[in-house]
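[1] Predicted model follows, preceded by the sequence.
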Amino acid sequence: SKAFLVDEDSGVTNFVGSRTECALLVMMRKMGHDYTQVRERMMEHQFKLYGFSSARKMSSVILRDPSRPGVLRVFNKGAADWVLRKSVALMNEDGSSSPMDPARLEAMLGVVTEMAKRGLRCICLAYREMEEQEAGRRDDFFEDPENVDRDLTAYAIVGIKDPVRAEVPGAVATCQRAGITVRMVTGDN
């Protein structure tokens, strides 16, 4: 991501770039991490980047593991319901993982639905490890994100509260005066 935060002298933090990316940067900051240092450290290990696509509803980056030559780690983020359905495991609190069986998937989708009912946009974070070289793999394997955005281990669902933009209340009022009932302004869920 090229998103970044600008801290004003007034104490206000402005977002530059994707609001979703910036919300995740704020989360990192609140967890005590300097996202600029993390980004700089990880950039030298980047193998492949798949930008966000509205068709895929997710984005991914593949990093080389500097401590294990030949091992790649895919980091994926996207619409929680989509990423969860591409996950084969769920990380537990202790760092171990459990299989994503149908019951666990339904439970996690229920969590996402409940968060969405509270007005939160839900993003799932997931990862996968894989070998850089694998016998029989086509040369263009990494050109198609569908080849790597599968068999994921989900490790977090993040709820993002999107503030209403300043022009929305007026637009809704205009619609209502015209006899239009507004049910939902935006959102996937």
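    Nice, I can see it.
[2] Now the helix or strand harbouring residue 174: average pLDDT?
    Per DSSP states H and E: residue 174 is located in helix 168-177. What helix 168-177 shows for mean pLDDT is 91.
[3] now do stretch 96-113
    Mean per-residue pLDDT for stretch 96-113: 96.
[4] neighbours of residue 8, just the number please.
    8 (other C-beta atoms under 10 Å). C-beta: built from backbone N, CA, C; applies to glycine.
[5] my guess is it contacts residue 15, does it?
    No - using C-beta atoms under 8 Å, residue 8 is not in contact with residue 15, being 11.7 Å away.
[6] now the helix holding residue 174, how far from the centre of its chain.
    Centroid separation for helix 168-177 versus its chain: 31 Å, with C-alpha atoms, centre = their mean, to the nearest Å.
[7] Point to the residue nearest the middle of this structure.
    The geometric centre of the chain, computed from its C-alpha atoms, lies nearest to residue 77 (C-alpha atoms, centre = their mean), at 2.6 Å.
[8] Which helix or strand contains it?
    Per DSSP H and E: strand 71-79 holds residue 77.
[9] So which bits of that strand are buried?
    Residues 72-79 are the ones in strand 71-79 that count as buried (16 or more other C-beta atoms under 10 Å).
[10] Partner strands of that strand, with direction?
    With DSSP bridges as the test, strand 71-79 is paired with strand 58-64 (antiparallel), strand 120-131 (antiparallel).
[11] where exactly do the helices run in the chain?
    Taking DSSP state H as the test, the helices found in the chain are 19-30, 35-43, 80-85, 102-117, 168-177.
[12] Pick out whichever of the buried residues of strand 71-79 sits closest to residue 24.
    Taking C-beta to C-beta as the measure, residue 77 is the one of the buried residues of strand 71-79 closest to residue 24, at 7.5 Å.
[13] most packed of the helices of the chain?
    helix 80-85 (a mean of 22; mean count of other C-beta atoms under 10 Å).
[14] in this protein, which ranges drop under the pLDDT threshold?
    Scanning the chain with the threshold set as pLDDT under 70 gives 184-189.
[15] sorry, back to before: and the residue nearest to the centre of the chain, how far is that from residue 103?
    Plainly put, residue 77 is 25 Å away from residue 103 if you go by C-beta to C-beta, to the nearest Å.
[16] Please state the offset of stretch 150-165 from the chain centre?
    When distances are taken as C-alpha atoms, centre = their mean, stretch 150-165 is centred 5 Å away from the chain's centroid.
[17] Could you do stretch 20-38 as well?
    13 Å.
[18] And the contacts of it?
    Stretch 20-38 has contacts (C-beta atoms under 8 Å, 6 or more residues apart in numbering) with 1, 3-5, 13, 15-16, 77, 121, 123, 158, 160.
[19] what sits opposite the residue lying closest to the residue nearest to the centre of the chain once chain neighbours are set aside in the beta ladder?
    Spatial nearest neighbour of residue 77, chain neighbours left out: residue 125 (5.2 Å); criterion: C-beta to C-beta, 6 or more residues apart in numbering. Beta-bridge partners of residue 125, counted by DSSP bridges, are residue 77, residue 156.
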